[in-house]
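Asks: Just the structure for this:
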Amino acid sequence: MPKPVPLPRLASVPPADPPYDERDSGGHVTRPGTYGALALAPVPRRPGTPTDERRLRGLGQALAEILAGRRPPETVQDRLTERAYRELVRAGKMIDTERPPLTGLPHVQRPSDGVIEMCLLVHCGPRSRVLAVRLERQGVQWLVTEFETA
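Replies: Now for the predicted structure:
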C-alpha cells in the first residue's frame, strides 16, 4: 500500500495592509465605540484623535449612493455645511449605474490642521468614477465643505 505524500506547509504571511485599529500609548488595541448600526452614526471620540478611515469611507459611500440616486440626501444633511448640502441636492443624480455603487478605501490627505481631503474610487459597473471630498473641523465636528465627482 503506497504511503500518502505529505503536503507542504504554508508559511504564515504577514497581512498586506497595516491594522486599522487605533492603539493607545501602551500599544494596546482600542476598539471605537459605536452608536446605532449606521456607518454614519456619531462615535464619541477624544479631541485631537485622527479621524478613522473606516468612517470616512462610510461617508464617501453614503455620498456615492446619493449621487447615484439610491439614497435621499437628508441622510447626510448633518455631515455637510449648508452650502455643500445645497450643492448636493442641486447636483441630483450624477452617477449613472444599474447596481449600487461601492467605494474603495479612501486616499486621505491632511493639508493643514483641521482639514481633511480624501478621494475614493467608486465602483459602479463597467466604468468606475472618482469622488473627492473636503472636510473641515468646525468646533468638534467634521463637516463636508466641498465634493466633486468625475
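Asks: thought residue 93 was touching residue 68?
Replies: Yes - Residue 93 sits in contact with residue 68 when judged by C-beta atoms under 8 Å, with a separation of 6.6 Å. (Glycine included, C-beta is placed from N, CA and C.)
Asks: Lowest mean pLDDT among the helices and strands of the protein, which one is it?
Replies: Ranking every helix and strand in the chain by mean pLDDT, DSSP states H and E puts strand 29-30 at the bottom, with a mean of 53.
Asks: Tell me which helix or strand comes right after it.
Replies: helix 53-67 (DSSP states H and E).
Asks: what's that following helix packed up against?
Replies: Contact here means 3 or more C-beta pairs under 8 Å, 6 or more residues apart in numbering; DSSP states H and E; on that basis helix 53-67 packs against helix 82-91, strand 102-103, strand 115-123, strand 129-138, strand 141-149.
Asks: can you rerun that using 6 Å?
Replies: Secondary structure elements in contact with helix 53-67, counted by 3 or more C-beta pairs under 6 Å, 6 or more residues apart in numbering; DSSP states H and E, are strand 102-103, strand 115-123.
Asks: where does this structure dip in pLDDT?
Replies: Where the chain drops to pLDDT under 70, the residues are 1, 5-51.
Asks: if you set the cut-off to 80 instead, what comes out?
Replies: 1-52 (pLDDT under 80).
Asks: Distance of residue 116 relative to residue 77?
Replies: Distance of residue 116 to residue 77, computed by C-beta to C-beta, to the nearest Å: 19 Å.
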